[in-house]
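A.B. asks: fold the following.
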Amino acid sequence: MYVFFNFSTRVGLGARDYRSPEQLINMATFTAHPQHNANTFDYDYAVITLSSAVSLGGNVRTINAFVQN
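C.D. replies: Numbering: from 1, shown residues only. Predicted coordinates for the structure are as follows:
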């Protein structure tokens, strides 16, 4: 499973091929890391908030988040 977004600000979920996602959900907000550097890709991650809930099933599942000890 992977998640992508396209220029229409929708997030596709559960796709094995980006052209056929199982779900398309509008993006509510996109928050880049405040120290992101586009030249070096340092801190190259963001939080995407969706406008509605995701339905689990098919290729759409939860992941185990990294926990630092």
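
A.B. asks: what about the longest strand along the chain, distance to the chain center?
C.D. replies: Criterion DSSP state E: the longest strand present in the chain is strand 23-32. Between the centre of strand 23-32 and the centre of its chain there are 7 Å (C-alpha atoms, centre = their mean, to the nearest Å).

A.B. asks: what mean pLDDT does that strand have?
C.D. replies: What strand 23-32 shows for mean pLDDT is 90.

A.B. asks: for it, enumerate the helices and strands it packs against.
C.D. replies: strand 10-13, strand 46-50 (3 or more C-beta pairs under 8 Å, 6 or more residues apart in numbering; DSSP states H and E). The C-beta positions use only the backbone N, C-alpha and C, and glycine is treated the same way.

A.B. asks: deepest-packed of those strands, please.
C.D. replies: strand 10-13 (a mean of 19; mean count of other C-beta atoms under 10 Å).

A.B. asks: who does that strand pair up with?
C.D. replies: If you go by DSSP bridges, strand 10-13 pairs up with strand 4-5 (antiparallel), strand 23-32 (antiparallel).

A.B. asks: what is the rounded mean pLDDT of the first one?
C.D. replies: The one in question is strand 4-5. 50.

A.B. asks: right, and the helices and strands packed on strand 23-32 - which one's nearest Thr29?
C.D. replies: strand 46-50 (4.4 Å; C-beta to C-beta).

A.B. asks: could you dump the strands paired with strand 10-13 into TSV and include distance to Ala38 and mean neighbour count?
C.D. replies: Formatted as TSV, those follow (distance: least, C-beta to C-beta, whole Å; neighbours: other C-beta atoms under 10 Å):
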stretch	distance to Ala38	mean neighbour count
strand 4-5	17	13
strand 23-32	10	13
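
A.B. asks: nearest to Ala15, out of these?
C.D. replies: Shortest distance between Ala15 and the strands paired with strand 10-13, using C-beta to C-beta, is found for strand 4-5: 7.3 Å.
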